[in-house]
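S.K.: return atomic coordinates for the entry below.
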Amino acid sequence: RVLREGAAAPEALAAGAVVNAAGAFAARVVAMAGPGVHPLPVAARRRCVFVFHCRSPEAPTKGPLTVDPTGVYFRPEGGAGQFICGVSPPAEEDPDCDGPEALDEVHHHLFEDVIWPTLAERVPVFEEIKQTGAWAGFYEYNTLDANAVIGPHPDVPNLVLCNGFSGHGLQQAPAAGLAVAEILTRGRVESFDIERLSFDRVVEGRPMPELNVW
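M.R.: Residues are numbered from 1 along each chain as shown. As a prediction, this is how the structure comes out:
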């Protein structure tokens, strides 16, 4: 049921199981499974990360990832006084992205208008900082509820999904990897219950939102 895009027409590939771990473009993999297959609500969204330096001797030298209630985050990165930071853009500035060309543009106004004022209020020594770099990357955003979808697709049982982490990927990767491995080798997840993360909630239109997600 999984198709490969070829020259004239897609070519069907035989496989005992296929794991969809295609990140921001995972929905395209599900679409390759053919007509009538329920789509995966995962889209590529641009997220910009900014690097700044604070030369004040009072700047924090150690610390965890810190997230302000506004969604602005920062953490130390690299040498003394070096940090990275970011924030999710407002909905009207957060369209789905079609391809890598979306990463050619960094939204620097987010740093000037949103991030820096928030940082300065949260950490007063950050009133005097210098932006030294920035980049844009993709965020695999689950448009249903910003949470992962893990497990077999109900229309294609041998298509195993591991998608839509919406910023939780690094945190949840060990458990997600174990869950997929157990599905492939044992036919089910035995180490813990992931039923709430199944594709069923997508089909039923039953979101499972988390309040503290930006």
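
S.K.: who's in contact with the residue lying farthest from the centre of the chain?
M.R.: Residue farthest from the centre of the chain, counting by C-alpha atoms, centre = their mean, is Pro57 at 34.5 Å. By C-beta atoms under 8 Å, 6 or more residues apart in numbering, the contact list for Pro57 is empty. All C-beta spots, glycine's among them, are computed from the backbone N, C-alpha and C.

S.K.: now the phi/psi pair for it, please.
M.R.: Main-chain dihedrals, Pro57, degrees, to the nearest 10: phi -70, psi -10.

S.K.: so it versus Ala21, what's the distance?
M.R.: For Pro57, the distance to Ala21 equals 44 Å [C-beta to C-beta, to the nearest Å].

S.K.: ditto for Ala91
M.R.: Distance of Ala91 to Ala21, given as C-beta to C-beta: 27 Å.

S.K.: now do Cys162
M.R.: The value you get for Cys162 to Ala21, if C-beta to C-beta is used, is 5 Å.

S.K.: now do Gly205
M.R.: Gly205 is 25 Å from Ala21, by C-beta to C-beta.

S.K.: so what's the residue count around Glu93?
M.R.: The number of residues packed near Glu93 is 11, by other C-beta atoms under 10 Å.

S.K.: wait, it sits on His107?
M.R.: Yes: taking C-beta atoms under 8 Å as the definition, Glu93 is a contact partner of His107 at 7.2 Å.

S.K.: can you pull the buried residues of the longest helix seen in the chain?
M.R.: Criterion DSSP state H: the longest helix present in the chain is helix 169-186. Using 16 or more other C-beta atoms under 10 Å as the test for burial, helix 169-186 gives 169, 172, 175-176, 179-180, 182-183.

S.K.: for it, packing partners?
M.R.: strand 149-153, strand 156-163 (3 or more C-beta pairs under 8 Å, 6 or more residues apart in numbering; DSSP states H and E).

S.K.: run the chain-centre distance for stretch 162-173.
M.R.: Distance, stretch centre to chain centre, for stretch 162-173: 6 Å (C-alpha atoms, centre = their mean, to the nearest Å).

S.K.: got a list of contacts for that stretch?
M.R.: By C-beta under 8 Å, 6+ apart, stretch 162-173 touches 19-23, 26, 40-42, 139-142, 144, 146-150, 176-177, 179-180, 213-214.

S.K.: end-to-end on it?
M.R.: One end of stretch 162-173 sits 10 Å from the other (C-alpha to C-alpha, to the nearest Å).

S.K.: give me the common contacts of Cys162 and Ala21.
M.R.: Val180.

S.K.: looking at the two, which has the bigger crowd around it?
M.R.: Cys162 (24 against 14).

S.K.: bridging residues for that one?
M.R.: Ile150 (DSSP bridges).

S.K.: next SSE downstream of the longest helix of the chain?
M.R.: Going down the chain from helix 169-186, the next helix or strand is helix 200-203, by DSSP states H and E.
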